[in-house]
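In: Let's see this in three dimensions:
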Amino acid sequence: MFRNIKIIILSIMLLCKINIFCQSYNWEYLGFENVEAVLPMKDGKIVIGMWPSFNTVQLSTDNGSTWNTIFECSIIGHIKSDDNDKIYVTSEKGITISSDFGTTWDTVAAELPTTEYNDIIIKPNGDFVISTWLGIFVSEDDGENWIASNFDGWGIIEMGLSPNGYLYGANPTASYFGIYTSSDGGYNWILSAWISSLCVEFLGNDPLIGGEGWLFPGIMISTDNGITWEQFCDFWGEDEPVKEILITSVGWIFASGKNDNVNGIYLSEDNGTTWKKVFNERANAIAEDENGFIYLGCPSGLYRILYSDLPVELVTFTTHVEGNDVTLNWATKTETNNSGFEIERIFLEYKYTDNQWETLDFVDGKGTIIGPNTYSFFDKNLQSGKYKYRLKQIDFDGSFEYSKEIEVEINAPTQFVLEQNYPNPFNPSTTISYQLPERGKVSLIVYDILGKEIVSLVNEYKTAGNYDVKFNTSTLPSGVYIYSLRLHDYSSVKKMTVIK
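Out: Numbering: from 1, shown residues only. Below you'll find the model as predicted:
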């Protein structure tokens, strides 16, 4: 399907900005409700956690076709996995771990002085870092023993581990709100910024924090390991929190609102500069699998969509008129399954035509590609009048979408002109060009040097405009010939020479 061009315009220009050809997004509904956590795994396995209804962890081993309950609890925090496909669930029971996709479970950290376990980080060396309602703890022996960090407050609801080893914690609670940072694996934490925050994601090594809204709305970023922070984007307005953030493998950014007035999932394909709404409900979790599916865990259930189902975007569509020629320029921001574009035109002088769209040509698309692409098409030697153009984007499966239409006008000539044929002398063919300032019955006749008519090239009504006529002399001998153009009281005569 189609998706979101920048052109140099030299003369007369009409500009039509187009957001997308198709505003619909084909999210697949997989069932359930109040999906709090989503974990896509390898080989078609998906794990989800639901809370406060159902209060279970479900596993699908067939890409979401069927599901089985593998764990029951009262409160779901997060669900994570490691490189060995172990599943980690944070709940009121502690940290519960399964190495056989939920057949058996081991519980660790149940002895800690809390019943609310928020999040877990599995470090590359296998150590655990967990955030609870009563602090952050580290285990160096698979959860057998726990070391209390220097942070003994509450409310760090989500943590993130950057590729360079820094840990970040998002805290929205009134007494301890802020962004917390650890540079030593979770043992010691500092308050990096007084920013009430809800979620953590990474753009390379740089953390992105979803602001709670009342002090710092939108998304904040740090490019110096948490020392300073600045606003990455604020596309929802003042006091609007960002509930979840996902940066995909192709660099797209998904973000979810939290409050009712900005409920929905938003997508940026240009590193946060522009955003568009792609789903009409907030998400508790956003995740990507190895096959290009994006999963949403929402209050109304579990949804997913392929990258290929997100529409091709056309960002600009322009025309440039010079004389009797029109240049079309357009560009796409992304393309998926794009076979190409049919260029269609309609002549608006309906008194003299049947006023139907005609297909001029087909321009090949780029298939599936992330990033901008530009295209051009040249429509030459048009007669005067108004025209409309549109693009018909066609997928490889035959489905298609139309762009918006843009209108151009070719101005009529102001003089009656018969041009010298070109080339001249010639053998065997030449082109005769002429201009008509008004509509009428036109005759263009070729005579020999004695005034005998050789051929009538034009004998019909024409609208005002510019015209070219091909003349072939393959059956005529060498010599000088006369050609005469007439329209109403206008007439013009010129000579041409055939040399064989």
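In: pLDDT below threshold where in this protein?
Out: 1-24, 213-217, 234-240, 259-263, 307-312, 349-355, 370 (pLDDT under 70).
In: which ones are touching F128?
Out: I95, V108, I120, I121, I122, V138, S139, D142, G143 (C-beta atoms under 8 Å, 6 or more residues apart in numbering). The way it works is simple: take the backbone N, C-alpha and C, and place the C-beta from them, glycine included.
In: with those in mind, which one is nearest to E281?
Out: Among those, I120 lies closest to E281 (C-beta to C-beta), at 26.9 Å.
In: any idea how far that closest one lies from D83?
Out: Taking C-beta to C-beta, to the nearest Å as the measure, I120 falls 15 Å from D83.
In: same deal with N291?
Out: As defined by C-beta to C-beta, N291 lies at a distance of 19 Å from D83.
In: okay, now I343: neighbour count?
Out: Look at I343: counted by other C-beta atoms under 10 Å, it has 19 neighbours.
In: you'd agree it is up against L391?
Out: Yes - contact criterion C-beta atoms under 8 Å: I343 and L391 qualify, at 6.5 Å.
In: so what's the closest residue to G371 other than its chain neighbours bridging to?
Out: Spatial nearest neighbour of G371, excluding adjacent residues (C-beta to C-beta, 6 or more residues apart in numbering): T334 at 7.1 Å. Beta bridges link T334 to E313, I370, judged by DSSP bridges.
In: Can you give me the neighbour number for T334?
Out: T334: 25 neighbours (other C-beta under 10 Å).
In: likewise the one 3 residues further on?
Out: Here the neighbour count serves as a burial measure; for N337 (other C-beta under 10 Å) it reads 19.
In: And the one 5 residues further on, by the same measure?
Out: When neighbours are defined as other C-beta under 10 Å, E342 has 18 of them.
In: Repeat that for W357.
Out: 16.
In: Please list only the buried members of the contacts of F128.
Out: With neighbours counted by 16 or more other C-beta atoms under 10 Å, the contacts of F128 contain buried members at I95, V108, I120, I121, I122, V138, S139, G143.
In: And these, which two are furthest apart?
Out: Longest span within those, C-beta to C-beta: V108 and I121, 14.1 Å.
In: Dump stretch 149-164 to CSV, keeping only the CA atoms.
Out: Output of stretch 149-164 as CSV, limited to C-alpha atoms (Å, rounded to 0.1, in the frame of the first residue of the first chain):
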residue,chain,number,x,y,z
SER,A,149,21.3,-0.7,46.1
ASN,A,150,21.5,2.8,47.5
PHE,A,151,18.0,3.6,46.1
ASP,A,152,15.5,2.5,48.8
GLY,A,153,12.6,4.6,47.6
TRP,A,154,9.6,3.4,45.6
GLY,A,155,8.0,3.9,42.2
ILE,A,156,10.6,3.1,39.6
ILE,A,157,8.2,1.3,37.3
GLU,A,158,10.4,0.7,34.3
MET,A,159,14.2,0.3,33.8
GLY,A,160,16.3,0.2,30.7
LEU,A,161,19.9,-0.9,30.0
SER,A,162,21.7,1.0,27.3
PRO,A,163,24.2,-0.7,24.9
ASN,A,164,27.1,1.2,26.7
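In: Quick check: buried residues in it?
Out: Neighbour counts over stretch 149-164 (16+ other C-beta under 10 Å) mark S149, F151, G153, W154, G155, I156, I157, E158, M159, G160, L161, S162 as buried.
In: Return the closest of these with respect to M220.
Out: G160 (13.1 Å).
In: Centre of the chain to the strand or helix carrying that closest one, how far?
Out: Assigned by DSSP states H and E, G160 belongs to strand 158-161. Distance, stretch centre to chain centre, for strand 158-161: 28 Å (C-alpha atoms, centre = their mean, to the nearest Å).
In: Kindly report the same for stretch 291-298.
Out: 16 Å.
In: Report the backbone C-alpha coordinates of it in CSV.
Out: Provided in CSV are the C-alpha atoms of stretch 291-298 (Å, rounded to 0.1, in the frame of the first residue of the first chain):
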residue,chain,number,x,y,z
ASN,A,291,9.4,-11.1,11.3
GLY,A,292,8.5,-7.4,11.3
PHE,A,293,5.3,-7.6,13.2
ILE,A,294,4.4,-4.7,15.6
TYR,A,295,2.4,-5.8,18.7
LEU,A,296,0.2,-3.6,20.8
GLY,A,297,-1.0,-4.6,24.3
CYS,A,298,-4.1,-2.5,24.9
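In: List the contacts of it.
Out: 27, 35-38, 40, 46, 48, 246, 248, 254, 265, 279, 281-289, 302-308.
In: mind listing what the nearest residue to F471 once chain neighbours are set aside touches?
Out: Of all residues not flanking F471 in the chain, T430 sits nearest, at 5.4 Å (C-beta to C-beta, 6+ apart). Counting by C-beta under 8 Å, 6+ apart, T430 touches N421, Y422, P423, N424, K470, F471, T473, M496.
In: Equivalent analysis for L485, please.
Out: L418, Y434, V442, S443, L444, S491, S492, V493.
In: in what helix or strand does it lie?
Out: Per DSSP H and E: strand 479-487 holds L485.
In: And that strand, how far out from the chain middle?
Out: That offset, for strand 479-487, works out to 58 Å (C-alpha atoms, centre = their mean).
In: strands paired with it, and their directions?
Out: strand 440-448 (antiparallel), strand 490-498 (antiparallel).
In: possible to save these as JSON lines with mean neighbour count and distance to T273?
Out: Shown next, in JSON lines, are these (neighbours: other C-beta atoms under 10 Å; distance: least, C-beta to C-beta, whole Å):
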{"stretch": "strand 440-448", "mean neighbour count": "16", "distance to T273": "54"}
{"stretch": "strand 490-498", "mean neighbour count": "15", "distance to T273": "57"}
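In: For the ones you listed, give me a markdown table that also has distance to P241.
Out: Shown next, in a markdown table, are these (distance: least, C-beta to C-beta, whole Å):
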| stretch | distance to P241 |
| --- | --- |
| strand 440-448 | 70 |
| strand 490-498 | 74 |
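In: Compare these and give me the one nearest H78.
Out: It is, among the strands paired with strand 479-487 and with distance given as C-beta to C-beta, strand 440-448, at 78.9 Å.
In: Residues contacting that closest one, please?
Out: Contacts of strand 440-448 (C-beta under 8 Å, 6+ apart): 432, 434, 436, 453-462, 469, 471, 479, 481-488.
In: Now the buried members of the residues you listed.
Out: Using 16+ other C-beta under 10 Å as the burial test, those include 432, 434, 436, 454, 457-458, 462, 471, 481-483, 485-487 as buried.
In: now those in CSV, with distance to G77?
Out: Shown next, in CSV, are the buried ones among the contacts of strand 440-448 (distance: C-beta to C-beta, whole Å):
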residue, distance to G77
I432, 82
Y434, 81
L436, 79
I454, 93
L457, 84
V458, 82
K462, 78
F471, 84
Y481, 92
I482, 94
Y483, 88
L485, 86
R486, 89
L487, 84
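In: Identify the bridge partners of G385.
Out: Beta-bridge pairing of G385 under DSSP bridges involves I410.
In: Please disregard the earlier target; I meant N459.
Out: N459 forms beta bridges with S443, as assigned by DSSP bridges.
In: Adjust the sequence numbering to begin at 691 for everything that follows.
Out: Shifting the count to begin at 691 puts that one at N1149.
In: ok, now how distant is it from I1135?
Out: Distance from N1149 to I1135, by C-beta to C-beta: 8 Å.
In: before we move on, what about K732?
Out: Distance from K732 to I1135, by C-beta to C-beta: 79 Å.
In: Which strands and helices lie in contact with the helix or strand harbouring L888?
Out: Assigned by DSSP H and E, L888 belongs to strand 887-893. For strand 887-893, the packing partners by 3 or more C-beta pairs under 8 Å, 6 or more residues apart in numbering; DSSP states H and E come out as strand 848-851, strand 857-861, strand 896-901, strand 932-937.
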